[in-house]
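Engineer: Mind looking at a prediction? Sequence and model below.
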Amino acid sequence: MTFTSTHSTYDPNLFAGVAKYYCQFRPRYNDDLYQLLIKEFQLDGTGRLLDLGTGTGLIAIALSPHFKEVIALDPDPEMLKEAQQEAELDNIQNIRWVNTQAENISQELGEFRLITIGRAYHWFHKPKVLQLASDRLVQGGGIAITYSHQDIWHSTELWKINVLDIVKKYLGEKRRVGNSTIENLDDTYSALPSLLKQSGFSAPKFQRLTIIKTWTVNSWIGYLYSTAFARPAYFGDRLAEFEKDIEQTLLTLFPSGEFVEQIPIDVYLAHKN
């Protein structure tokens, strides 16, 4: 399997080895998001979509029937392999998978009617990517950026606090991201409205949606393994011990082994001026 590939500065360890967990255990966006985008940008099966930081292709695959062509871009080849397999299972043939960073998008990709960014904006060089995105949109084209409030690192929910305590017990106090650490992903979104306007977009519309997700102990562990801060490789020979700690903690709080999470999804929608 091959992909178009160009790289500059990217930490290949950010999501190394997590693609299979990402594909299986990350919560899927519900239809509310896609209906919102269809209505806001009047999607009708024409034009082209550029999905930046596509990961395992959740948005690209879901929106592919509403465009003539989709370009789905990600720097992680393992993620793109999972995405392409998902698309093939659904017999989707109008997506081109490009293995590169969002910071590398250029005129060679052509112009787009819509650009989407899912759970990836916080990893980008934001002013650069937003300006490049604006340059690649047709006049009146749009951008949609989503953010899932699912972070255990700043949650007030007891079960998430307890899970985070266990993660810190094994991996330390700081949130790991590849070869470095990060403080708070939420902070990266506070400047988004002003950055959009500086990049040639209209003042963004904001809407909050909610995903209802039912977890089991095993699927929550799988979710943790899909994150940049709890990659399985971090735990070494203590992986089974970590899983046992998580299982015991969650079963104490949820004896049935199942629990429901309401996940707020922030959606920013803007049009090119």
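Structural biologist: Received the coordinates, thanks.

Engineer: quick one: low-confidence ranges for the chain?
Structural biologist: Within the chain, the ranges that satisfy pLDDT under 70 run 1-10, 183-187.

Engineer: And the residue nearest the centre of it, how close does it get to Ser106?
Structural biologist: For the chain, the residue nearest the mean C-alpha position is Arg119 (2.2 Å; C-alpha atoms, centre = their mean). As judged by C-beta to C-beta, to the nearest Å, Arg119 and Ser106 stand 24 Å apart. The way it works is simple: take the backbone N, C-alpha and C, and place the C-beta from them, glycine included.

Engineer: Check Lys128 too.
Structural biologist: According to C-beta to C-beta, Lys128 and Ser106 sit 12 Å apart.

Engineer: how far is whichever helix or strand Val129 is part of from where the chain is centred?
Structural biologist: Taking DSSP states H and E as the criterion, Val129 maps to helix 126-136. Put simply, helix 126-136 sits 18 Å off its chain's centre (C-alpha atoms, centre = their mean, to the nearest Å).

Engineer: CA atoms only for it, dumped as PDB, please.
Structural biologist: Below are the C-alpha coordinates for helix 126-136, written out as PDB (Å, rounded to 0.1, in the frame of the first residue of the first chain):
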ATOM      1  CA  LYS A 126      -2.300  27.100  13.700                       C
ATOM      2  CA  PRO A 127      -1.800  30.500  12.000                       C
ATOM      3  CA  LYS A 128       0.100  28.800   9.100                       C
ATOM      4  CA  VAL A 129      -2.400  26.100   8.600                       C
ATOM      5  CA  LEU A 130      -5.400  28.400   8.700                       C
ATOM      6  CA  GLN A 131      -3.800  30.800   6.200                       C
ATOM      7  CA  LEU A 132      -2.900  27.900   3.900                       C
ATOM      8  CA  ALA A 133      -6.500  26.600   4.200                       C
ATOM      9  CA  SER A 134      -7.900  30.000   3.200                       C
ATOM     10  CA  ASP A 135      -5.600  30.100   0.200                       C
ATOM     11  CA  ARG A 136      -6.900  26.700  -0.900                       C
END
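
Engineer: now the angle between helix 126-136 and the helix or strand just after it, please.
Structural biologist: Per DSSP H and E, the first helix or strand lying C-terminal to helix 126-136 is strand 137-148. Strand 137-148 runs at 140 degrees relative to helix 126-136, counting by axes from the mean of the first three to the mean of the last three C-alpha atoms, to 10 degrees.

Engineer: what pairs with the longest strand seen in the chain, and is each one parallel or antiparallel?
Structural biologist: The longest strand of the chain (DSSP state E) is strand 258-271. Strand 258-271 has the following strand partners under DSSP bridges: strand 137-148 (antiparallel), strand 205-216 (antiparallel).

Engineer: Of the ones you listed, which stretch is the most buried?
Structural biologist: Ranked by mean neighbour count, those are led by strand 137-148 with a mean of 19 (mean count of other C-beta atoms under 10 Å).

Engineer: ok, residues contacting that one?
Structural biologist: Under the criterion C-beta atoms under 8 Å, 6 or more residues apart in numbering, residues 27, 29, 33, 37, 40-41, 47, 111-119, 121-122, 130, 133-134, 189, 192, 196, 201, 211, 263-272 lie in contact with strand 137-148.

Engineer: what's the first-to-last distance across stretch 138-157?
Structural biologist: One end of stretch 138-157 sits 43 Å from the other (C-alpha to C-alpha, to the nearest Å).

Engineer: need the helices for the stretch 1-150 of the chain, in chain order.
Structural biologist: Assigned helices in the stretch 1-150 of the chain, in chain order: 19-25, 31-40, 58-63, 77-89, 126-136 (criterion: DSSP state H, counting those that start in this stretch).

Engineer: That concludes my questions; thank you for your assistance.
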